[in-house]
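In: the following comprises the amino acid sequence and a computationally predicted model.
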Amino acid sequence: MSIKVEHISKVYGKQYALDDVSMEIGSGEIVGFLGPNGAGKSTLMKILTTYIQPSSGEAWICGHHVVDAGMEVRKMVGYLPEHNPLYLEMYVREYLELVAGLHGLRNNKARIAEIIDRVGLEVEAHKRIGALSKGYRQRVGLAQALIHDPAVLILDEPTSGLDPNQLVDIRNVIKQLGKEKTVMLSTHIMQEVEAICDRVIIINKGRLVTDKGAKNLVSDKGEIQVLTVEFGSNVLTADLQQIEGVELVNHLQGNIFELNSAVGADIRKTIFDWAVAQGIPLLSQQVKKKNLEDVFKELTKSKK
């Protein structure tokens, strides 16, 4: 098992950043690690990369304990943090030579050339890092994470700041890496998860709320409908939530609502009949299938 986490908690004062989180990630998996801002994603990644220690619980990378064998863990992990720290005054090759030296690598020039080609840095490799766009700085960060050929990659928002063409390129790089390495990927871009991840782990308020295959996460919710409804007069969210078959109500704007159905339920006729009974004009109903973004919203929505 490449990554193993058992009952990890991290407490700051009285605030739980992580609360009894357990998971396992095997070799050759690309796992999307999702959650709202402040859910604890970066905290767990920092624990797994030995930057901070847990308050309780244990974790291992390729069999090495993250606290007791921190130096061995660092040899096994390539890490790209959310806020990519770079020496802006250094040239790209110069910086990668520094990182390679810190890892004790030999034949640095050949390895650096290989990594520069792999992440698409060739045309910018002669520049100072400070002169690069944010997207190319992300590529430099990914290059330093890969330079020592780690078994595990932990990537926190790796495509932040990339334009659409760069997104496709880096996603392809990550997909290729996933054939030979374990990749733990944090992102807010749901299409990215659907495109490249085998599994999805979602945490909310420091607790794990789901851990399933990327395709199963949506299909396990059944052929759930998301119904966008527009009424011709004022409607209360609380009234819609009382309708049979309605699981979740999101008020979009004005008299437009997004209604999530129960598994297997087609609530269009129910909504029509309810509107007629209430004497409320029903202007439109539009159905879409639930996708990963809808499931994410449902699992992380604050209970009021």
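Out: Ah, there it is.

In: for the rest of this, base every contact and every neighbour count on C-alpha atoms.
Out: OK.

In: where does the closest residue in space to Ile25 that isn't next to it in sequence fall, phi/psi-wise?
Out: For Ile25, ignoring the flanking residues on the chain, the nearest one in space by CA to CA, 6 or more residues apart in numbering is Ile3 at 5.0 Å. When read as degrees, to the nearest 10, the backbone of Ile3 gives phi -130, psi 130.

In: residues contacting Ile3?
Out: Neighbour list for Ile3: Met23, Glu24, Ile25, Gly26, Ala59, Trp60, Ile61, Cys62 [criterion: CA atoms under 8 Å, 6 or more residues apart in numbering].

In: can we see that at 6 Å?
Out: Glu24, Ile25, Trp60, Ile61 (CA atoms under 6 Å, 6 or more residues apart in numbering).

In: just to check, the third one is in contact with Met1?
Out: The reference is to Trp60. No - at 8.8 Å, Trp60 does not count as touching Met1 under the criterion of CA atoms under 6 Å.

In: compare neighbour counts for the two and give me the winner.
Out: Comparing Trp60 with Met1 by other CA atoms under 10 Å, the one with more neighbours is Trp60, at 21 against 12.

In: partners of that one in the sheet?
Out: Lys4, His65 (DSSP bridges).

In: any idea how far Lys181 is from it?
Out: Trp60 sits at a distance of 16 Å from Lys181 (criterion: CA to CA, to the nearest Å).

In: go on, Ile47?
Out: 20 Å.

In: just Ser2 next, same as before
Out: 9 Å.

In: ditto for Arg268
Out: 46 Å.

In: which of the two has more neighbours?
Out: Lys181 (21 against 17).

In: give the contact list for that one.
Out: Per CA under 6 Å, 6+ apart, neighbours of Lys181: Gly28, Ala151, Val152.

In: same check on Phe257?
Out: Thr228, Val229, Asn250, His251.

In: next one: phi and psi at the first one?
Out: Listed backbone geometry of Thr228 is phi -90, psi 120, with angles given as degrees, to the nearest 10.
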